[in-house]
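Chemist: What follows is a predicted structure for the sequence shown.
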Amino acid sequence: MTVLADADADAAGGSEPVPPPRRVAHADMESPVELPTDEQSRTRPLAWTTTVIAVATLFLFLTNAVSLNGWAAELPPSALSARLIAATQAWEDVTGRIGLGAPRAAVHGAWKKAEAARFGGGEGTAPAQ
Amino acid sequence: MLFPTLTFGLFFLLVYAVVWAASGSNEWRKILLLVASWAFYGAWDWRFVALLIFSAFVNWAAASLISRSEEEGPRKFWVTAGVIANLAILGFFKYYDFFLEQVGLLLDQFGWHRDLPLLSIILPVGVSFFTFQGMSYMIDVYKRRVPPARLLDMTLLMSFFPHLVAGPIVRASHLIPQFRRAPKLDRGMVTMGILLIVWGLFKKAVVASWLSVNLVDPVFFDPTVRSSTDLIVAAYGYAVQIYCDFSAYSDMAIGIAALLGYRFPINFNQPYRAASLQDFWRRWHISLSSWLRDYLYISLGGNRGGLFYICRNLMITMLLGGIWHGAKWTFLIWGGLHGLVLAAERIWRDVKPEGWRGLPKPIAILLIFHIVLLGWIFFRADSFATAIAYLAGIGKLDMANAIVTPLAVALILLGMAMHFTPPRATRDMAMVLRRANPLLLGLGIGAMILVIDAMRFEGVAPFIYYQF
């Protein structure tokens, strides 16, 4: 572990003369999100980020109604969850009719086939989900 | 509330909107983050929110008392009291029943049968993580590495929801300075954060969950009825599952914090490409291994005192690192195995004749990976007997295959291939994507999440490290 590498320097006990507070800088504290910045990176970053998140959310709302309905169905039973299930079911029907759910269904179908494949060319039963 | 669920997604969207709307005041921002973090933790069990607040207060109070004194005596007293208080919390919730069970077994050996007061204590999620975090803050104040923090900052340090239940163990020296000023976003940080979230979602919801349910759990449930092929492939499967599970949590935690304007340290760096066990621990759960180095190994004497003491310190550190994961003998054996190999590496480094070359790097990587794999069998097994049965089953060399499918093999190969991609691939991708039109990037991110959701195993299991 890292212990072998650089432990000598700090091994002194607590009885030595008291140093002033100092910044701790460990190489193992570098953050992966720390990228070199440029002018464009600092241009309206919050608006840019919010747009990315909003577009991704809207895209998923339109194309992934199956999951939305599945989530609602797993909520604890109540009058509110019953209304939510009805609404998400209706939304799934609407998006299904206009074909917005087709990409997800295609990927899901291909994935199920991959799950069912067996060595030797046979096909098993896809695991129950 | 699990990261890869719609419930968490909605929670995060709400927190993102409220927190950035309140960013005119850094104090209000932190208060809102604290309330959100308690709501996040309370979703498991509201009673443990009180424990979290109590633990934060104890560490803040101990650090305040330490910092008020210039004399070594009182400082040492308060840091000792603080460490004991933290270990008491950890010991009670995590080890009390285990300890009494062992005492009961020991008494049985001598013919003294006693009904011991077992409490069937519920383990608070993430107690090991937030306890270690609080302890490191207090010790850092004692060692004058960091100045004492305000109660709000200290409580938020320990409660901040992205890292609260499974790390990374973010140090006060890293996060408190970030809390002191209003955070600022930049597009590179955001792009990298989003890529980490999506990548983490794939690793957890698709790779780890699928391998767990379809391969690893059935084989480890009763290894005595499995063929050698099943056992061998499931062992590789678990190595990939635990990496994809735990690193996914860290990736998502780092990404979520980044979207809120905070930088967390790296926690995994392609660990299975390590060419020595020392190197492995520089790449695996980096925040824990550096914690153990700084607060345990160095306190034991570190690299001082000659080879015997170094090996002793390594063994103690790894044994305690093992038992940190939980009150089970198998964790102790896992830690002991790592300690032994680390000590052996250290001895070999000292006694190796001059001019001898080490193993070729690919061979060394293979060897270290298989030592780690052996450790994972003990780590995953329910008991020592199960682990031994597992190893004995591999030795039978029975090559029948009852459970291994092409998809299982493909996911294992994919999990291993992740370790041999260019280490800066995600970062380079983020550097390019940060210049993208936000509408197109949003569509791309949405499409990636859609594909992952179509492949994911319904009903995502909790992260493995939640239990620690």
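Modeler: Received, thanks.
Chemist: What strand or helix carries residue A:84?
Modeler: Element membership of residue A:84, judged by DSSP states H and E, is helix A:79-97.
Chemist: What's the mean pLDDT across that helix?
Modeler: Computed over helix A:79-97, the mean pLDDT rounds to 93.
Chemist: Buried residues in the helix or strand following it, which are they?
Modeler: Using DSSP H and E, the helix or strand that follows helix A:79-97 towards the C-terminus is helix A:102-116. Residues of helix A:102-116 classed as buried: A:104, A:107, A:108, A:111, A:115, A:116 (neighbour count, 16 or more other Cβ atoms under 10 Å in any protein chain shown). Backbone N, C-alpha and C define where each C-beta goes, glycine included.
Chemist: Check the first one and give its pLDDT.
Modeler: In this model, residue A:104 is scored at 94, pLDDT.
Chemist: and what of the third one?
Modeler: According to the per-residue confidence, residue A:108 scores 93 in pLDDT.
Chemist: same question, the fifth one
Modeler: Confidence per residue is given as pLDDT, and for residue A:115 that number is 91.
Chemist: my guess is it meets residue B:407, correct?
Modeler: Yes. At 5.6 Å, residue A:115 and residue B:407 qualify as touching, with contact defined as Cβ atoms under 8 Å.
Chemist: Common neighbours of the two, please.
Modeler: Listed contacts common to residue A:115 and residue B:407 are residue B:214; contacts here mean Cβ atoms under 8 Å, 6 or more residues apart in numbering or on different chains.
Chemist: got the phi/psi numbers for residue B:126?
Modeler: Residue B:126 has phi and psi values of phi 70, psi 10 when expressed as degrees, to the nearest 10.
Chemist: Verify the contact between it and residue B:164 for me.
Modeler: Yes. Using Cβ under 8 Å, residue B:126 is in contact with residue B:164, at 5.5 Å.
Chemist: Can you pull the residues that touch both of those two?
Modeler: residue B:41.
Chemist: residue boundaries of the helices in the stretch 51-200 of chain B?
Modeler: Taking DSSP state H, counting those that start in this stretch to define them, one finds helices in the stretch 51-200 of chain B at B:72-90, B:96-109, B:127-142, B:151-159, B:172-180, B:187-201.
Chemist: how about the ones you listed in CSV, adding mean neighbour count, distance to chain A and mean pLDDT?
Modeler: As requested, the helices of the stretch 51-200 of chain B are arranged in CSV below (neighbours: other Cβ atoms under 10 Å in any protein chain shown; distance: least, Cβ to the nearest Cβ, whole Å; pLDDT from 0 to 100):
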stretch, mean neighbour count, distance to chain A, mean pLDDT
helix B:72-90, 16, 7, 92
helix B:96-109, 13, 25, 76
helix B:127-142, 25, 7, 90
helix B:151-159, 21, 14, 94
helix B:172-180, 20, 4, 91
helix B:187-201, 25, 3, 95
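Chemist: how about those helices, which one is nearest residue B:290?
Modeler: helix B:127-142 (9.9 Å; Cβ to Cβ).
Chemist: Compute the inter-axis angle for that closest one and helix B:151-159.
Modeler: Relative orientation of helix B:127-142 and helix B:151-159, computed by axes from the mean of the first three to the mean of the last three Cα atoms, to 10 degrees: 140 degrees.
Chemist: I'd like the distance from stretch B:133-142 to the chain centre, please.
Modeler: 19 Å (Cα atoms, centre = their mean, to the nearest Å).
Chemist: Show me what the helix holding residue A:84 packs onto, helices and strands only.
Modeler: Counting by 3 or more Cβ pairs under 8 Å, 6 or more residues apart in numbering or on different chains; DSSP states H and E, the packing neighbours recorded for helix A:79-97 are helix A:65-73.
Chemist: Give the other helices and strands that the helix it packs on contacts.
Modeler: Helices and strands touching helix A:65-73, as assessed by 3+ Cβ pairs under 8 Å, 6+ apart, comprise helix A:79-97, helix B:6-21.
Chemist: let's go with 10 Å and repeat that
Modeler: Here helix A:65-73 touches helix A:45-63, helix A:79-97, helix A:102-116, helix B:6-21, helix B:438-455, going by 3 or more Cβ pairs under 10 Å, 6 or more residues apart in numbering or on different chains; DSSP states H and E.
Chemist: Nearest to residue B:75, out of the ones you listed?
Modeler: When those are compared by Cβ to Cβ, helix B:6-21 sits nearest residue B:75, at 36.6 Å.
Chemist: What about residue B:20, how many residues nearby?
Modeler: Applying other Cβ atoms under 10 Å in any protein chain shown, we find 17 residues neighbouring residue B:20.
Chemist: That one and residue B:184 touch, don't they?
Modeler: No. With contact defined as Cβ atoms under 10 Å, residue B:20 does not count as touching residue B:184 (11.2 Å).
Chemist: shared neighbours, the two?
Modeler: A:46, B:261 (Cβ atoms under 10 Å, 6 or more residues apart in numbering or on different chains).
Chemist: Helices along the stretch 301-450 of chain B, start to end?
Modeler: B:307-324, B:329-351, B:361-380, B:384-395, B:406-417, B:425-433, B:438-455.
Chemist: Which strands or helices does the fourth one pack on?
Modeler: Contact analysis of helix B:384-395 by 3+ Cβ pairs under 10 Å, 6+ apart lists helix B:217-221, helix B:228-259, helix B:329-351, helix B:361-380 as its packing neighbours.
Chemist: any idea which of the ones you listed is most buried?
Modeler: Mean neighbour count (mean count of other Cβ atoms under 10 Å in any protein chain shown) peaks for helix B:228-259 among the helices and strands packed on helix B:384-395, with a mean of 25.
Chemist: Any residue of that one touching chain A?
Modeler: Yes. Interface with chain A: helix B:228-259 contributes B:250, B:251, B:254, B:255, B:257, B:258, B:259 (Cβ under 10 Å from any Cβ of the partner chain).
Chemist: do stretch B:59-70 as well
Modeler: Yes. Against chain A, stretch B:59-70 shows contacts by Cβ under 10 Å from any Cβ at B:67, B:70.
Chemist: what comes up buried for that stretch?
Modeler: B:59, B:60, B:61, B:62, B:63, B:64, B:65, B:66, B:67.
Chemist: so which of those residues comes closest to chain A?
Modeler: Nearest to chain A among these is residue B:67, at 9.5 Å by Cβ to the nearest Cβ.
Chemist: Whatever residue of chain B ends up closest to chain A: what's it in contact with?
Modeler: Closest to chain A within chain B is residue B:442: 2.6 Å, counting by Cβ to the nearest Cβ. Counting by Cβ under 10 Å, 6+ apart, residue B:442 touches A:49-59, B:194, B:436.
Chemist: Just the buried ones among those, please.
Modeler: A:49, A:50, A:51, A:52, A:53, A:55, A:56, A:57, A:59, B:194.
Chemist: Identify the farthest-apart pair in those residues.
Modeler: Counting by Cβ to Cβ, the most remote pair of the buried ones among the contacts of residue B:442 is A:49 and A:59, 15.9 Å apart.
Chemist: ok so, going back, got CSV for the contacts of residue B:442, with distance to residue B:210 too?
Modeler: As requested, the contacts of residue B:442 are exported to CSV (distance: Cβ to Cβ, whole Å):
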residue, distance to residue B:210
A:49, 31
A:50, 33
A:51, 33
A:52, 28
A:53, 27
A:54, 31
A:55, 29
A:56, 24
A:57, 26
A:58, 29
A:59, 25
B:194, 23
B:436, 31
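Chemist: who's in contact with residue B:197?
Modeler: B:3-4, B:12, B:248, B:251-256, B:258-259, B:445, B:449.
Chemist: oh sorry, the question was meant for residue B:259
Modeler: Residue B:259 neighbours (Cβ under 10 Å, 6+ apart): A:33, A:49, A:52-53, B:12, B:15-16, B:19-20, B:162, B:185, B:189-190, B:193-194, B:197.
Chemist: same thing but 7 Å
Modeler: Neighbouring residues of residue B:259 by Cβ atoms under 7 Å, 6 or more residues apart in numbering or on different chains: A:49, B:16, B:190, B:193.
Chemist: ok, those residues vs residue B:359, which is closest?
Modeler: When the contacts of residue B:259 are compared against residue B:359 (criterion: Cβ to Cβ), the nearest one is residue B:193, at 38.5 Å.
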